[in-house]
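In: would you be able to build a 3D model of this:
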Amino acid sequence: MKKRLEYLKVQTDMLRKRGIFLLLICLGLTGLWGCGSSDKEKWEDSIFSWNGDMLLKEQEDKVQYAMDKLGCRAIYQEIPHDAEDEVVLDFLARRSAKGQQVYYLAGQAEWGLEKDAESMKAVVRTVVDWNKAAGENQGFEGIVWDVEPYLLDEWDEDKESVMNTYVANCITAFGEAAGEGLKVITCIPNFYDRSATQRGLEALIKSGCDAIAVMNYNKSDESGQIEEETRLVKKYGKGILNIAELQKPGYHDLTEINTYYYDGIEAVKESFAGLKERFDYSGMGFSWHYLDPVLEIMEREEQS
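Out: Residues are numbered from 1 along each chain as shown. Here you go, the predicted structure:
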């Protein structure tokens, strides 16, 4: 505990030194990336894929079937560190041939507290290298960050300080990615709009991404849970993707209120349609989490 507190103090001191910079860039003056995407930009409906095997040509029929059935034009794919170059490049070429976007899905909770976003910047360099190898119009469209600092012990000690460090890292990484022509989508939970982290949420949306993807994993009040996030993306002309969970209850402490596993595909589509009508925002899209359980649900529904 003592070690964690000392570490958090170092992070807090660093943030105080950055304070003026963050205030100017994030919440005051319009910075270099302050108001990136137009609210008229369409964010393609998408699906997450954490399974590296889905890169293989042998899995192409499954991937394409899910994309077609769900109406997805983008896939957020994690790339295993040991993936062979030809496998990744072939996957990118197949998606490009289908007119689909691929985003490089990456992140660890610890990245939120790293000095100067080192791991996130390394990912940007990796994606740039892949795109050079893939050739024009066949590379990654951008990056999806799955960095969840609220999973760290430090979060319980000082939410605001951890949030500010995380946001500073997102802003740094966004600058690197934007300079390379890459879009950035940042995954967030639906509770950053609470008092201790609301200021950081606004800074993140304004200066740290092109779009947010909200893990809206509670079916009881889906529109209310993203109302503040939608207000902020409208304010800054950014995108928002509402993510639906489809993993089986029991995984990661999920209960039936958190997931559409038993409700099925059509129930998710009805939810998405309702949110689209409720918010009437052209910068809103939708995403399915994630490919493996989706395939399981579709197989179950076909057999019933």
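
In: which non-adjacent residue is nearest Ser46?
Out: Distance criterion C-beta to C-beta, 6 or more residues apart in numbering; nearest residue to Ser46, sequence neighbours excluded, is Ala74 at 3.9 Å. C-beta coordinates here come from the backbone N, C-alpha and C atoms, glycine included.

In: hey, what's that neighbour bridged with?
Out: Ser46, Gln101 (DSSP bridges).

In: mind listing the helices for this protein?
Out: Along the chain, counting by DSSP state H, helices occupy 2-22, 60-70, 85-97, 118-134, 153-157, 159-179, 195-207, 222-225, 227-236, 265-279, 291-303.

In: the fourth one versus helix 85-97: what angle between them?
Out: Angle between the axes of helix 118-134 and helix 85-97 is 70 degrees (criterion: axes from the mean of the first three to the mean of the last three C-alpha atoms, to 10 degrees).

In: residues in contact with Glu229?
Out: 188, 190, 192-193, 201, 205, 212, 214, 240 (C-beta atoms under 8 Å, 6 or more residues apart in numbering).

In: check contacts around Pro80.
Out: Gly52.

In: against Asn51, how distant is it?
Out: Note on Pro80: its distance to Asn51, by C-beta to C-beta, to the nearest Å, is 9 Å.

In: can you list which of the contacts of Glu229 are found in strands?
Out: With DSSP state E as the criterion, strands contain 188, 212, 214, 240 from among the contacts of Glu229.

In: ok, the closest residue to the last one other than its chain neighbours - how many residues close by?
Out: Here the nearest residue to Ile240 in space, its sequence neighbours aside, is Val233; by C-beta to C-beta, 6+ apart that works out to 4.5 Å. Summarising burial for Val233: neighbours were counted as other C-beta atoms under 10 Å, giving 26.

In: one more: Asp263?
Out: For Asp263, the neighbour count with other C-beta under 10 Å is 16.

In: how many neighbours does the closest residue to it other than its chain neighbours have?
Out: Of all residues beyond its chain neighbours, the one nearest Asp263 is Lys219 (8.0 Å), with distances taken as C-beta to C-beta, 6+ apart. Per other C-beta under 10 Å, the neighbour tally for Lys219 reads 17.
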